[in-house]
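*Asks:* Sharing a sequence plus its predicted fold:
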Amino acid sequence: MDNKIIERKTKEDLPIRPEEEYAIFFIDKDFGLNCEKKQLFINNALKKIKYVCIYGDKEMTVVEALKKDGRFVDDLVSFYLEDIDKKEQTYECMMKIKFLHGKKFKICMRRGESGKLQGTPGAKGSDNLQETPGAHQKGVSVIRAGERTNDDNTEEIRQILCDQFPQLRALMEERVRQRPFEELLELKKENFGKIQQSFSKVHRVRELLKLSKSVCKIVVYDICVGTGFVLFDDLILTNAHLFDKVQPENDVQVFALFDFELPQPETDYCGFSCEKEFIDIDKELDYAVLKLCPRGKRSKSQSKKSVEIPPGLLKKFGPVPENGEACIIGHPQGDIKKMDPTCIIEEEERIKEINEHVSQYKDNVFIIQSVEHELKNQGIENILKDGAEADKHVTCNTFMYHGSSGSPVFDQSCQVFGLHTAEFTYTWPKGSGESVIEYALPLLHIFNKFVSNLREKNNKTLLARITEEAKGNQHLKNVLDLRPTPDPTPEPVHTN
């Protein structure tokens, strides 16, 4: 045996990733619906255990995870999983395994579908280890050697394993050679572990928690809830679409709730009402700037002591990263404040991400067409590569929607670069809004428009305050230096 070849290292070691990036689920060895007399496993010895533990990257599909596991027949490509604890819940084989974490399933097939489960031990192409020459040279498998006697047979088992090693190694090398070069190249290029590498570092978590004090729950009374954050002083930035249903003739109250972090009834939030007139609102860029009334109060305090507004985030504004990590902090579903580390989906990757989501319906052309039609009506083509608004959106995958509009989006340096705004959804066939991709709006674009609007309104006082707040931030200074602040005496701002 050539030790030099055996001990040769690969050119590039695979990275060790944190456990949060993996999903683990379990497959019952017993057959599910319509799978009787079908072969699932390469090795019959697995029938002696109850569950097979499967793990892999969260973004893998079920099919990919089973194939990479290596214990299932290669032809296992068309099936679905039945949740053992909730039998009414099923998952298609193209579902990403991040949705299966910690659950137990049976492999099932629909009536009339072969599922290509016809692989049998010893059949050509099944890669059954019981067929390897090393095992037959000894005339006994490792399992049988272990079961044959209660005596100490460690040396015999070791010898059998040594005999099988050359054939096993050759088999694995052959499998690698059979994989398309493009697929192997893509695996090399993938930067697994991007998400949460930085945001799991203690000093960054501590900084984000500090900055999150500026994030608040926005309540448009009797209409909707959302998220916002302190811009500077007593100004709040949020999305304009929260006020779409507000009629000019209606006297609607708007509240900003800070420290809404613990479940009821423990939550002791700090509440401010907002003045009725906007400082600025822009439907095109979907942002609104509100002014807080001077006095706030704690929900559980009878004290008349004044409550301070948290520091603003304007000083932390920065450009959109080309790619990499992001973190959203907000109030999804109007719930307590939550944090979601995620990754930016680059322009050229957006169509791939959308297609992967829709592929769960690949067996039903009618559903696919309905979903695509609904997404096109929302203008999803505009945000795809070379689309009219592709560079005006920052896309990601996150659970932060339905109430988290207006959340700040941070990069790995804890600069805030985006205003989390909305998602592209479809309602059929599940009857509820399913999001395929979420997006934020670049904050420097919003800041540029905000400054431009203030200049048009000759609000020199507020512009001077912004200039003072922007000191030390070159990104903001570049926007402010585009043209000089006008000289006329400032007039009161009445925006509605």
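*Replies:* Arrived safely, thanks for sending. Numbering: from 1, shown residues only.
*Asks:* Run a quick neighbour tally on C93.
*Replies:* 20 (other CB atoms under 10 Å). Quick note: C-beta positions are derived from backbone N, CA and C, even for glycine.
*Asks:* And it, how far from L66?
*Replies:* Using CB to CB, to the nearest Å, C93 is found at 8 Å from L66.
*Asks:* Run a quick neighbour tally on P429.
*Replies:* P429: 12 surrounding residues under other CB under 10 Å.
*Asks:* Okay, it and L33: tell me how far apart.
*Replies:* P429 sits 21 Å away from L33, going by CB to CB.
*Asks:* before we move on, what about F450?
*Replies:* F450 is 58 Å from L33, by CB to CB.
*Asks:* Who has more neighbours out of those two?
*Replies:* Neighbours per residue, other CB under 10 Å: of F450 and L33, the larger number sits with F450, 23 against 15.
*Asks:* What residues does the more buried one make contact with?
*Replies:* Listed by CB atoms under 8 Å, 6 or more residues apart in numbering, the contact set of F450 reads D280, D282, Y287, V289.
*Asks:* would you list those residues in a markdown table and tack on neighbour count, secondary structure and pLDDT?
*Replies:* Shown next, in a markdown table, are the contacts of F450 (neighbours: other CB atoms under 10 Å; DSSP: H, G, I helix; E, B strand; the rest coil; pLDDT from 0 to 100):
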| residue | neighbour count | secondary structure | pLDDT |
| --- | --- | --- | --- |
| D280 | 23 | strand | 96 |
| D282 | 17 | strand | 95 |
| Y287 | 24 | strand | 97 |
| V289 | 22 | strand | 97 |
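*Asks:* these two touch, right, E322 and E348?
*Replies:* No: the criterion here is CB atoms under 8 Å, and E322 misses it with E348 at 11.3 Å.
*Asks:* quick one, which of the two is more surrounded?
*Replies:* Neighbour count, other CB under 10 Å: between E322 and E348, E348 has more, with 11 against 8.
*Asks:* didn't that one look like it was pressed against G387?
*Replies:* No: with contact defined as CB under 8 Å, E348 does not reach G387; the gap is 11.6 Å.
*Asks:* What segments of the stretch 151-300 of the chain are strands?
*Replies:* Remark: strands assigned in the stretch 151-300 of the chain by DSSP state E, counting those that start in this stretch are 215-220, 224-232, 235-238, 254-258, 270-274, 280-282, 287-298.
*Asks:* Could you break this structure into its assigned domains?
*Replies:* The chain breaks down by automatic domain parsing into domains covering 1-131, 194-496.
*Asks:* The ones you listed: lowest mean pLDDT?
*Replies:* For those, mean pLDDT drops lowest on domain 1-131, to a mean of 71.
*Asks:* Using TSV, lay out the strands of the stretch 151-300 of the chain together with distance to K86.
*Replies:* Formatted as TSV, those follow (distance: least, CB to CB, whole Å):
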stretch	distance to K86
strand 215-220	32
strand 224-232	30
strand 235-238	38
strand 254-258	35
strand 270-274	40
strand 280-282	46
strand 287-298	42
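*Asks:* can you tell which of these is closest to F41?
*Replies:* Of all the strands of the stretch 151-300 of the chain, strand 224-232 sits nearest to F41, with 48.4 Å by CB to CB.
*Asks:* who does that closest one touch, helix- and strand-wise?
*Replies:* For strand 224-232, the packing partners by 3 or more CB pairs under 8 Å, 6 or more residues apart in numbering; DSSP states H and E come out as strand 215-220, strand 235-238, strand 407-410, helix 460-469.
*Asks:* To what extent is A390 buried, counted in neighbours?
*Replies:* Residues near A390, counting by other CB under 10 Å, number 16.
*Asks:* Next: G226.
*Replies:* Per other CB under 10 Å, the neighbour tally for G226 reads 25.
*Asks:* so what's it bridging to?
*Replies:* Beta bridges link G226 to I218, judged by DSSP bridges.
*Asks:* Help me confirm that it comes into contact with G406.
*Replies:* Yes: G226 lies in contact with G406 (CB under 8 Å); the separation is 4.8 Å.
*Asks:* hey, what's in contact with both of the two?
*Replies:* Contact with both G226 and G406 is made by residues I218, T238, N239, L242, according to CB under 8 Å, 6+ apart.
*Asks:* for the first one, what are its contacts?
*Replies:* In this structure, I218 makes contact with V225, G226, T227, G228, I236, T238, L242, V254, F255, A256, L257, G406, judged by CB under 8 Å, 6+ apart.
*Asks:* cool, and the last one?
*Replies:* Listed by CB under 8 Å, 6+ apart, the contact partners of L242 are I218, V220, I223, C224, G226, A288, S405, G406.
*Asks:* what comes up buried for stretch 206-214?
*Replies:* L208, L211, S212, K213, S214 (16 or more other CB atoms under 10 Å).
*Asks:* Also stretch 87-95?
*Replies:* Neighbour counts over stretch 87-95 (16+ other CB under 10 Å) mark T90, Y91, E92, C93, M94, M95 as buried.
*Asks:* which pair in those residues spans the largest distance?
*Replies:* Longest span within the buried residues of stretch 87-95, CB to CB: T90 and M94, 12.7 Å.
*Asks:* Not counting residues beside it along the chain, what's closest to E381?
*Replies:* Excluding the flanking residues, the one nearest E381 by CB to CB, 6 or more residues apart in numbering is G387, at 5.8 Å.
*Asks:* Sorry, slip of the keys, the one I care about is S435.
*Replies:* Among residues not flanking S435 along the chain, E423 sits closest, at 4.1 Å (CB to CB, 6+ apart).
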